[in-house]
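Visitor: Generate a structure from the sequence data that follows.
(chains A and B)
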Protein chains: 2
Amino acid sequence: MGVGMSTPSFFEGPEKKLELVVTPEFGSLRGLGDPTWRRIIRAAGAQVLTTLQNEACDAYLLSESSLFVYDDWFVMITCGQTTLVDAFEEFLRHVPADSVAFMVYERKNEHYPEHQPTTFYDDARRLQSMVPGRAVRFGDEHGHYIQMFHTVRPFVPETTDPTLEVLMHAIDRDVARRFIGGPEGCGAMASALGVDSLFPGFTTSEHVFEPAGYSLNALNGPEYYTIHVTPESFGSYVSFETNHDFRGKLTELVSSIVELFQPRAFDVLTFLPGETAKFSAKGYLLGDHVVDELGGYHVSYFQYFVPPDGPRRPSQLSL
Amino acid sequence: MGVGMSTPSFFEGPEKKLELVVTPEFGSLRGLGDPTWRRIIRAAGAQVLTTLQNEACDAYLLSESSLFVYDDWFVMITCGQTTLVDAFEEFLRHVPADSVAFMVYERKNEHYPEHQPTTFYDDARRLQSMVPGRAVRFGDEHGHYIQMFHTVRPFVPETTDPTLEVLMHAIDRDVARRFIGGPEGCGAMASALGVDSLFPGFTTSEHVFEPAGYSLNALNGPEYYTIHVTPESFGSYVSFETNHDFRGKLTELVSSIVELFQPRAFDVLTFLPGETAKFSAKGYLLGDHVVDELGGYHVSYFQYFVPPDGPRRPSQLSL
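Guide: Residues are numbered from 1 along each chain as shown, chains lettered A, B, ... in the order given. Model prediction:
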């Protein structure tokens, strides 16, 4: 991702995420209309780059990540210094809080949290004042972690509603270099990367950022996937997310994605209704594994890293 | 450590550290006098609790960690929201920058960096304007790391000048509980812990913080060690540091210390003139290993953690 990359001299890749399901009594979220969703996006401090639509979903590619709006739910992912809780506040100007059947707000530990306008605790307390909920941390406060705030109303997710996130840190330098300095083969990154062959039949929209960075949204019926790449060496990072049904093939799917970017470390987060995700990674060591149930979903967090095969040199920092 | 623990509702255990050697031409650092050192301490935002002196060293136990002053060098360690670079600026009002033979400033990645008054980059840029140097990071920006700024003037350390730091995260809950709620056997924690038997012959000064926390300074001739404990569950943390000669027994020494606190993860940082430290830990996995040479010291960073033997539950966060 690349907007505003030149000043300050870093860009925060790790994202905030808001996923929300409305009650059956509520009308259509898509029916709120494009101008309302653009207001919600602007409230977070992001802008719309392009949109992609099909019969099930309106997919917005943003200056900082993505928004997917379905009739009865939406997921909004924003990186950089965006304020996703402001977007939720704007959302509640259009949708009554009572119509929120389930909501989860996630925040990955940032590389430069001191440059964020708010902390997770600030965010969670504000959300708590809007919808009652609970806050948890997957992982340890001194290492990798994801913090979440979620509603605690009784909720039964649809059995066809899995979510997979793969969050990759310190990706291979040669791969990263392909995302720096503008488009390699303009608009054909998914193909060049080999992502499209993992997910045949999807329609994609892509954006190559200047001076660096890459975003992709993809739709296939009710399925989406999205990729965001921050390639720079101050903290290279790639996120992948999908609701494609990964049951029975999670290990192969994640391995294929991880192989494309060859990160030094990665996190896998899954939401599955009614069953616990099974996963193992080859060539990586398991650093942490945390499970919980929330809103009827089994949530699993796995943290993997490359074991050191000898001492490394430290990173030189530019002042 | 515990000063100011009730508001805000966390205390930052991980420390900043400044170690500095003066040129032989400079007089005695101890000769600067107690009032000057207290000014330096106050500049960091810390206070003196007690002092311990012997023929070689003046040891200050601080409201936020410790200061050890020798004739030709000093080490100052401060936790919480202290501003150690301000202390260095005050130091330079009493000692000319040309008399700085070697200086290294370290900053461990914090649990709550967003509550720090400055970032490491802010600090390093200010130090750079006072003494020329170089900045490096041991470890990855998305996990455990220590950042350092150090002078690059030619410097040959004394061969008898090793430093060992053991930084322990998420310590055993039963051990942590002994440091919460005031003194257990007042002033005898080192003995109760069993630390004193690892280091016989040392004189100690201790402080038990209300409502929680513990600090210890110890001297034996020119040798010091120091321990600081932040026991609370928002981010329990223990640091141990010594210049005791650990060569040939690093593994046993660190294992003995780690065994006392049983952390989920720990970092070992060593400075050794002329040779590289050898270390391995039983019952922990090596997460990272970084080596460098700076100022004539071989610096080694090891990061270890407990491998997960099954999924854990997430941490509940209070809002």
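Visitor: Now do the strands in the stretch 1-150 of chain A.
Guide: Applying DSSP state E, counting those that start in this stretch to the stretch 1-150 of chain A gives strands spanning A:16-22, A:48-53, A:58-62, A:65-69, A:73-78, A:100-108, A:133-139, A:145-151.
Visitor: Looking at those, which is nearest to residue B:87?
Guide: For residue B:87, the closest of the strands of the stretch 1-150 of chain A is strand A:145-151, at 31.6 Å, according to CB to CB. In this view, the C-beta of every residue, glycine as well, is placed from N, C-alpha and C.
Visitor: Contacts for that closest one, please.
Guide: A:100, A:102-109, A:120, A:123-124, A:127-128, A:131-139, A:267, A:269, A:294-295, A:301, B:314, B:317 (CB atoms under 8 Å, 6 or more residues apart in numbering or on different chains).
Visitor: what angle sits between it and strand A:16-22?
Guide: Strand A:145-151 runs at 20 degrees relative to strand A:16-22, counting by axes from the mean of the first three to the mean of the last three CA atoms, to 10 degrees.
Visitor: Strand A:145-151 pairs with which strands, parallel or anti?
Guide: Here strand A:145-151 has these sheet partners by DSSP bridges: strand A:100-108 (antiparallel), strand A:133-139 (antiparallel).
Visitor: out of those strands, deepest packed?
Guide: strand A:100-108 (a mean of 23; mean count of other CB atoms under 10 Å in any protein chain shown).
Visitor: I'd assumed residue A:291 was in a strand, is it?
Guide: Yes: checked against DSSP: H, G, I helix; E, B strand; the rest coil, residue A:291 lies within a strand.
Visitor: residues near the nearest residue to it once chain neighbours are set aside, how many?
Guide: In this structure, residue A:291 finds its nearest non-sequential neighbour in residue B:311, 4.2 Å apart by CB to CB, 6 or more residues apart in numbering or on different chains. Number of residues near residue B:311 (other CB atoms under 10 Å in any protein chain shown) recorded here: 14.
Visitor: Quick check: residue B:311 touching residue A:302?
Guide: No: applying CB atoms under 8 Å, one finds residue B:311 not in contact with residue A:302, separated by 9.0 Å.
Visitor: shared neighbours of these two, anything?
Guide: By CB under 8 Å, 6+ apart, the residues touching both residue B:311 and residue A:302 are residue A:289.
Visitor: Around chain B, pick out the residues from the stretch 1-150 of chain A.
Guide: A:14, A:109, A:111-116, A:119, A:121, A:124-125, A:128, A:134-138, A:140-144, A:147-148 (CB under 8 Å from any CB of the partner chain).
Visitor: Any idea what the closest residue to residue A:265 other than its chain neighbours is bridged to?
Guide: Distances taken as CB to CB, 6+ apart place residue A:305 nearest to residue A:265, at 4.0 Å, with adjacent residues excluded. With DSSP bridges as the criterion, residue A:305 is bridged to residue A:265, residue A:285.
Visitor: thought residue A:305 was touching residue A:288?
Guide: No: with contact defined as CB under 8 Å, residue A:305 does not reach residue A:288; the gap is 9.7 Å.
Visitor: With neighbour numbers in mind, choose between those two.
Guide: Between residue A:305 and residue A:288, residue A:305 has the larger neighbour count (other CB under 10 Å), namely 27 against 24.
Visitor: which residues touch that one?
Guide: Here residue A:305 is in contact with A:264, A:265, A:266, A:284, A:285, A:287, B:143, B:287 (CB under 8 Å, 6+ apart).
Visitor: Could you rerun that using 6 Å?
Guide: Taking CB atoms under 6 Å, 6 or more residues apart in numbering or on different chains, we find residue A:305 in contact with A:265, A:285, A:287.
Visitor: my guess is the second one meets residue A:308, correct?
Guide: No: checked against CB atoms under 6 Å, the pair residue A:285 and residue A:308 is beyond contact range at 9.7 Å.
Visitor: quick one: the helices in chain A?
Guide: Assigned by DSSP state H, the helices in chain A fall at A:34-43, A:84-91, A:120-130, A:173-177, A:189-193, A:195-198, A:250-261.
Visitor: now those in TSV, with mean neighbour count, mean pLDDT and distance to residue A:243?
Guide: What follows is these, written out as TSV (neighbours: other CB atoms under 10 Å in any protein chain shown; pLDDT from 0 to 100; distance: least, CB to CB, whole Å):
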stretch	mean neighbour count	mean pLDDT	distance to residue A:243
helix A:34-43	18	97	19
helix A:84-91	22	98	19
helix A:120-130	18	96	23
helix A:173-177	14	90	25
helix A:189-193	18	72	18
helix A:195-198	16	82	15
helix A:250-261	18	95	13
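Visitor: so which of these gets nearest residue B:162?
Guide: When these are compared by CB to CB, helix A:173-177 sits nearest residue B:162, at 34.9 Å.
Visitor: contacts for that closest one?
Guide: Contacts for helix A:173-177 (CB under 6 Å, 6+ apart): A:231, A:236, A:261.
Visitor: How about stretch A:212-229?
Guide: So stretch A:212-229 is contacted by A:1-2, A:52, A:54, A:56-57, A:59, A:61, A:65-66, A:68, A:179-180, A:189-190, A:199, A:201-208, A:230-232, A:238-244 (CB under 6 Å, 6+ apart).
Visitor: what's the answer for stretch A:249-256, then?
Guide: A:166, A:198, A:246, A:268, A:277, A:279, A:280.
Visitor: Could you give the bridge partners of the first one?
Guide: So that's residue A:166. Going by DSSP bridges, residue A:166 forms beta bridges with residue A:240, residue A:268.
Visitor: Can you verify my assumption that it contacts residue A:240?
Guide: Yes: Residue A:166 lies in contact with residue A:240 (CB under 6 Å); the separation is 4.3 Å.
Visitor: ok, the two, which is more surrounded?
Guide: residue A:240 (25 against 22).
Visitor: could you list every residue that touches the more buried one?
Guide: Taking CB under 6 Å, 6+ apart, we find residue A:240 in contact with A:166, A:227, A:257.
Visitor: go with 7 Å
Guide: Counting by CB atoms under 7 Å, 6 or more residues apart in numbering or on different chains, residue A:240 makes contact with A:166, A:225, A:227, A:257.
Visitor: same check, this time on residue A:31
Guide: Residue A:31 makes no contacts at all, as judged by CB under 7 Å, 6+ apart.
Visitor: quick one on the thing from earlier: turn the strands paired with strand A:145-151 into CSV, columns for mean pLDDT.
Guide: Shown next, in CSV, are the strands paired with strand A:145-151 (pLDDT from 0 to 100):
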stretch, mean pLDDT
strand A:100-108, 97
strand A:133-139, 95
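Visitor: For those strands, give me JSON lines that also has distance to residue B:273.
Guide: Below are the strands paired with strand A:145-151 laid out as JSON lines (distance: least, CB to CB, whole Å):
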{"stretch": "strand A:100-108", "distance to residue B:273": "41"}
{"stretch": "strand A:133-139", "distance to residue B:273": "38"}
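Visitor: neighbouring contacts of stretch A:309-318?
Guide: Here stretch A:309-318 makes contact (CB under 7 Å, 6+ apart) with B:135, B:136, B:137, B:138, B:147, B:289, B:290, B:291, B:292.
Visitor: among the residues you listed, which two are most distant?
Guide: With distances taken as CB to CB, the most widely separated pair in the contacts of stretch A:309-318 is B:135 and B:289, at 20.2 Å.
Visitor: ok, residues contacting stretch A:20-28?
Guide: With contacts defined as CB under 7 Å, 6+ apart, stretch A:20-28 is touched by A:29, A:71, A:72, A:73, A:74, A:95, A:99, A:100, A:101, A:102, A:103.
Visitor: Can you tell me which of the contacts of residue A:305 are buried?
Guide: Applying 16 or more other CB atoms under 10 Å in any protein chain shown to the contacts of residue A:305, the neighbour count classes A:265, A:285, A:287 as buried.
Visitor: Show the low-confidence segments of the stretch 101-250 of chain A, by residue range.
Guide: The stretch 101-250 of chain A contains residues with pLDDT under 70 at A:181-188, A:190.
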